[in-house]
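Peer 1: What would the 3D arrangement of this be:
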Amino acid sequence: MALTKSNIVAAVHELGFTKKKSVDIIETLLEIIKSSLAKDEDVLISGFGKFCVKDKSKRRGRNPATGEDLILRERKVVTFKCSGKLRKKINGNF
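Peer 2: Residues are numbered from 1 along each chain as shown. So this is what the prediction gives:
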């Protein structure tokens, strides 16, 4: 099961915030992250990981439905690299 935004809001709500305040907190946090990434700034969350914006150059691709060759345009993608602490927690090395 995936963790959804509503699950995160519910967890914040359990800390004693009102439901509306919990939604506002999570929405504000996500907007800060999105606006930083839109400005090509990295987002580093200590103990969790780092979101980075990377440039992908133009390259050849193929439409899997038709097999037709095409050129994929230059674009930006967001990558995530988890921290060592998160990696240890995921692998069970507390």
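Peer 1: What is the neighbour count of residue 22?
Peer 2: By the criterion of other CB atoms under 10 Å, residue 22 has 19 neighbours. C-beta here means a position set from N, CA and C on the backbone, and glycine is covered the same way.
Peer 1: my bad, residue 55
Peer 2: So residue 55, with other CB under 10 Å, has 9 neighbours.
Peer 1: helix, strand or coil for it?
Peer 2: Secondary structure, DSSP: H, G, I helix; E, B strand; the rest coil: residue 55 is strand.
Peer 1: give me phi/psi at residue 77?
Peer 2: Note on residue 77: backbone dihedrals following degrees, to the nearest 10 are phi -130, psi 150.
Peer 1: what number of residues lie near it?
Peer 2: 9.
Peer 1: So for the helix ranked longest in the chain, mean pLDDT?
Peer 2: Looking across the chain with DSSP state H, the single longest helix is helix 19-38. The average pLDDT within helix 19-38 is 97.
Peer 1: counting contacts, what elements does that helix pack onto?
Peer 2: If you count contacts as 3 or more CB pairs under 8 Å, 6 or more residues apart in numbering; DSSP states H and E, helix 19-38 packs onto helix 5-13, strand 43-45, strand 49-56.
Peer 1: which outside residues touch it?
Peer 2: For helix 19-38, contacts defined as CB atoms under 8 Å, 6 or more residues apart in numbering pick out 5, 8, 9, 10, 12, 13, 17, 42, 43, 51, 53, 78.
Peer 1: among these, who's most crowded?
Peer 2: residue 9 leads these on contacts (other CB under 10 Å) with 20 neighbours.
Peer 1: Local confidence estimate at that residue?
Peer 2: Confidence score, pLDDT, at residue 9: 97.
Peer 1: State the distance from the residue nearest to it when sequence neighbours are not counted to residue 11.
Peer 2: With sequence-adjacent residues excluded and distances taken as CB to CB, 6 or more residues apart in numbering, residue 9 is closest to residue 22, at 4.8 Å. Separation of residue 22 from residue 11 (CB to CB, to the nearest Å): 8 Å.
Peer 1: go on, residue 48?
Peer 2: 15 Å.
Peer 1: Okay, and the beta partners of residue 45?
Peer 2: residue 49 (DSSP bridges).
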